[in-house]
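> quick one, structure for this:
(one chain, ligands or ions: 2)
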Amino acid sequence: MRPAQVGASILTADLLHLAEQIELAETAGVDFFHLDVMDGMFVPNITFGPVMIETVRRATTLPIDVHLMIEAPERYLEAFIEAGASTLTLHVEATSHLHSALQTLKRHEVRAGITLNPATPLVLLEEVLPMADQLLVMSVNPGFGGQSFIPGALNKIERAHAMIELVNPRCNLEVDGGIKASNIGRIRSAGADMFVVGSGVFNDEATVNDSVAELRGALDRAATSGNRVHHT
Ligand code: DX5
Ligand code: ZN
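Ligands and ions are numbered 1, 2, ... in the order given. From the prediction side, this is the model:
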């Protein structure tokens, strides 16, 4: 199984002190940053655009994973690539031209991600999964940080994992929404290898360092118990 990567979503970070927050997360050992772009159309909330990606790019050398929650994302691919995105993830519900959008990403040598809302079935990925570098399974309805993990997502992650193994084993399986130290182990066991964590990293209850350490601890425990099951 691929190594587990933890990504920090800056949605619930203190944006007034963004550089410090990024540094804290980096020191705590996150593997990538996840930036949620929302347009007030595809999702009810509005966040930020390429300028924010460019700003974060100047603050870190870690990969920047951009989650585009915008209608017709094909209009803005070049802008986000130029801003320094490492990965662009597109919702299958947001465009009628997913295939050509993925071709554009390949041409620019940026990592290509595809994702679906909780209600959207995996079968919609059939034609495009072979082109993807990562598949993101949403475990909340996109739009806001701090929501609860939808329990049914675990089964979807298992099925997505099986699909990836079958048609595109080099594709990463990412999960986003409601991930905490209390459930990350189960999500890992279901087959995910990239974990986006927002309020579980940036919150008022614990330091960023302690939060990331707790997430890593839970992942390690999942790995150990997974091995035990494997060897018995
Ligand atoms: C939700 C976003 C998530 C969000 C996750 O629409 O896509 O990336 O930041 O935040 P938590 O971990 O708080 O659910
Ligand atoms: Zn996201």
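
> pull the longest helix from the protein.
Determined from DSSP state H, the single longest helix within the chain is helix 208-231.

> got the buried residues for that helix?
208, 211-212, 214-216, 218-219, 222-223 (16 or more other Cβ atoms under 10 Å). C-beta coordinates here come from the backbone N, C-alpha and C atoms, glycine included.

> packing partners of it?
strand 5-9, helix 18-28, helix 184-189, strand 194-197 (3 or more Cβ pairs under 8 Å, 6 or more residues apart in numbering; DSSP states H and E).

> as JSON lines, those with mean pLDDT, mean neighbour count and distance to Met52 would be great.
Shown next, in JSON lines, are these (pLDDT from 0 to 100; neighbours: other Cβ atoms under 10 Å; distance: least, Cβ to Cβ, whole Å):
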{"stretch": "strand 5-9", "mean pLDDT": "98", "mean neighbour count": "25", "distance to Met52": "12"}
{"stretch": "helix 18-28", "mean pLDDT": "98", "mean neighbour count": "17", "distance to Met52": "9"}
{"stretch": "helix 184-189", "mean pLDDT": "98", "mean neighbour count": "21", "distance to Met52": "26"}
{"stretch": "strand 194-197", "mean pLDDT": "98", "mean neighbour count": "25", "distance to Met52": "16"}
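
> switch these over to CSV; also include distance to Phe42.
What follows is the helices and strands packed on helix 208-231, written out as CSV (distance: least, Cβ to Cβ, whole Å):
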stretch, distance to Phe42
strand 5-9, 17
helix 18-28, 24
helix 184-189, 24
strand 194-197, 18
